[in-house]
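[1] Generate a structure from the sequence data that follows.
(one chain, ligands or ions: 1)
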Amino acid sequence: MNVSIVLFTADLRLHDHPPLRAALDGSREVVPLFVRDRSVDGAGFAAPNRLAFLADCLADLDAGLRERGGRLVVRSGDVVEEVCRVAVEADADEVHLAADVSRFARSREARLRRALEARGRRLLVHDTVTTVVPPGELTPAASDHFAVFTPYFRHWSRWKPRGTFGAPRAVRVPDRIASEPLPSRDRLSGLSPALPAGGEREGRGRLTAWLRSGVQDYADRHDDLSGDATSRLSPHLHFGTLSPVELVHRARRAGGPGAEAFVRQLAWRDFHRQVLAARPDAAGSDYRTRHDRWRSGRSARDDIEAWRAGRTGYPVVDAAMRQLAHEGWMHNRGRLLTASFLTKTLYVDWRVGARHFLELLVDGDLANNQLNWQWTAGTGTDTRPNRVLNPVTQGKRYDPDGAYVRRWVPELRGLAGAAVHEPWKLRGLDRAAVDYPDPVVELSEGLDRFRRARGRD
Ligand SMILES: Cc1cc2nc3c(=O)[nH]c(=O)nc-3n(C[C@H](O)[C@H](O)[C@H](O)COP(=O)(O)OP(=O)(O)OC[C@H]3O[C@@H](n4cnc5c(N)ncnc54)[C@H](O)[C@@H]3O)c2cc1C
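    The predicted structure follows:
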């Protein structure tokens with residue numbers, strides 16, 4: 001066999017890349033191909049923050065390939081048409097692709113397979129590229145997927161991940177295959193000011209630093225909002241600049257309770273993927289309906305606007321929403337309490353919040369975002385679907401001296417310590433001196449409304 005194609009999607013790396021390894025083992029030349037698919041833009045998934053990160057990833061992938069004698073080929077258009085076109089131009093008989101779980105990814109795979117087979121070529125799909133355990137591999141007795149994390153995690157922990165591969169030494173790309181210019185982040189507007197840089201090199205550097213001095217304290221500090229003591233590897237996992245299999249091996253080698261807790265979070269990622277693989281409709285519909293009749297109309301719209309803008313009057317909620325706008329990323333504790341606030345305290349449809357997150361998150365990921373939103377809204381896999389997080393209690397617990405709020409809500413910088421979580425307690429001139437809104441709703445009122453709606457009063 002002479003030429004094969006590796007179609008890169010959410011696996012933008014050279015290290016530990018089974019499709020690339022298989023292609024190089026079987027072929028004299030390889031076309032590393034990325035197709036900027038117009039239907040992804042059309043479906044609203046092309047958020048500027050992610051396009052910027054993607055541009056970094058593609059530039060770095062191209063640079064890594066060039067160091068090895070190759071280059072990245074970029075095309076835009078319909079992914080199936082473009083792959084078939086390149087297959088003809090390169091006279092390639094095989095296309096290698098990483099398995100993925102969304103409805104879009106699976107339909108892409110099926111269309112590609114049909115189109116290639118009709119032209120006498122083959123599609124080879126590789127699992128364990130974007131997950132540790134292939135979705136559907138671990139199942140309970142009577143179902144095609146686990147609906148609860150704890151038993152899933154028990155099985156997941158016993159799974160023996162495959163070994164990892166290094167990056168290839170050399171990649172030979174046929175000269176005759178033309179590429180469009182790499183997309184650039186310079187032409188994008190509407191980016192979050194403090195967006196992180198993308199690319200495999202960046203991701204590997206971050207991972208090494210994390211394992212050297214970060215992961216040890218993860219079990220104790222992952223919920224500390226101002227400590228910012230999580231890995232921030234999520235965009236790298238979303239774009240596949242890091243291999244989840246490699247992360248698990250390296251974290252386990254580092255050892256200790258921090259590494260164990262970190263590996264458990266990686267299992268959550270696999271958990272949501274196996275749910276979405278079995279129930280692709282859960283990206284847009286309730287996984288478990290609670291017969292919600294979410295609020296709509298003028299007052300709901302005003303509340304949504306205040307939530308998006310970080311002006312709900314609840315400091316820790318507002319701080320987290322402003323972090324999202326500024327960095328394109330939000331701390332997990334912030335995601336939990338802003339999502340609980342929107343869906344339960346304000347009783348607004350989880351899809352409204354999920355869409356806003358996807359517009360901004362640099363790690364915005366269909367499985368993780370939609371299913372975490374559903375978990376928080378109580379329509380997903382949470383075994384306590386009606387729990388409501390109190391933003392004041394949460395603020396005092398996870399930002400005890402108020403440093404996180406003061407970082408993101410400058411209007412409240414004059415308030416010392418935990419007082420920053422309850423600015424409505426200020427009186428007279430002290431209150432007048434603070435230009436910060438009153439709460440959009442009393443917490444007790446929001447709680448009553450939610451309990452009534454869920455038939456629990
Ligand atoms: C409402 C809501 C929306 C979310 N949307 C996304 C999203 O779009 N993309 C995304 O990657 N994560 C999402 N998460 C999960 C989690 O908040 C982020 O993965 C995490 O905050 C990323 O920061 P980190 O890399 O520092 O995480 P760490 O704490 O260092 O964890 C390491 C990795 O484990 C995985 N992980 C951690 N927590 C979860 C979780 N609850 N579910 C699935 N995987 C997890 C992530 O890949 C993360 O990078 C969401 C959570 C909530 C509550």
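[2] The longest helix seen in the chain: what's the following helix or strand?
    Among the elements of type helix in the chain, defined by DSSP state H, the one spanning the most residues is helix 257-278. Moving toward the C-terminus from helix 257-278, the next helix or strand (DSSP states H and E) is helix 298-309.
[3] buried sites along that next one?
    Of the residues in helix 298-309, those scored as buried under the neighbour-count criterion (16 or more other Cβ atoms under 10 Å) are 300, 303-304, 306-308. Backbone N, C-alpha and C define where each C-beta goes, glycine included.
[4] Return the closest of those with respect to the ligand.
    The ligand lies nearest to Trp307 out of the buried residues of helix 298-309, by Cβ to the nearest ligand atom, at 12.7 Å.
[5] Tell me how many other residues crowd the closest residue in space to the closest one that isn't next to it in sequence.
    For Trp307, ignoring the flanking residues on the chain, the nearest one in space by Cβ to Cβ, 6 or more residues apart in numbering is Leu342 at 5.5 Å. The local packing of Leu342 (other Cβ atoms under 10 Å) involves 27 other residues.
[6] which phi and psi does Leu342 have?
    Listed backbone geometry of Leu342 is phi -70, psi -50, with angles given as degrees, to the nearest 10.
[7] these two touch, right, it and Ala306?
    No - applying Cβ atoms under 8 Å as the test, Leu342 and Ala306 come out as separate, 10.4 Å apart.
[8] mean confidence for the longest helix of the chain?
    Helix 257-278 shows an average pLDDT of 98 in the prediction.
[9] What residues of it count as buried?
    Buried residues in helix 257-278, counting neighbours by 16+ other Cβ under 10 Å, are found at 258-263, 265-278.
[10] is the ligand contacted by it?
    Yes - in this structure, helix 257-278 sits against the ligand according to Cβ under 6 Å from any ligand atom; the contacting residues are 262, 265-266, 268-269, 272.
[11] That helix - contacts with which helices or strands?
    If contacts are counted by 3 or more Cβ pairs under 8 Å, 6 or more residues apart in numbering; DSSP states H and E, helix 257-278 sits against helix 149-158, helix 218-221, helix 244-254, helix 366-377.
[12] looking at those, which is buried most?
    The highest mean neighbour count among the helices and strands packed on helix 257-278, using mean count of other Cβ atoms under 10 Å, belongs to helix 366-377: a mean of 24.
[13] Keeping just the C-alphas, turn that helix into PDB.
    Output in PDB follows, covering the C-alpha atoms of helix 366-377 (Å, rounded to 0.1, in the frame of the first residue of the first chain):
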ATOM      1  CA  LEU A 366     -21.100  18.900  23.200                       C
ATOM      2  CA  ALA A 367     -20.900  15.800  25.500                       C
ATOM      3  CA  ASN A 368     -19.400  17.600  28.500                       C
ATOM      4  CA  ASN A 369     -21.400  20.800  28.200                       C
ATOM      5  CA  GLN A 370     -24.800  19.500  27.400                       C
ATOM      6  CA  LEU A 371     -24.700  16.600  29.900                       C
ATOM      7  CA  ASN A 372     -23.200  18.600  32.700                       C
ATOM      8  CA  TRP A 373     -26.000  21.200  32.100                       C
ATOM      9  CA  GLN A 374     -28.500  18.400  32.300                       C
ATOM     10  CA  TRP A 375     -26.900  17.000  35.400                       C
ATOM     11  CA  THR A 376     -27.200  20.400  37.100                       C
ATOM     12  CA  ALA A 377     -30.700  21.000  35.800                       C
END
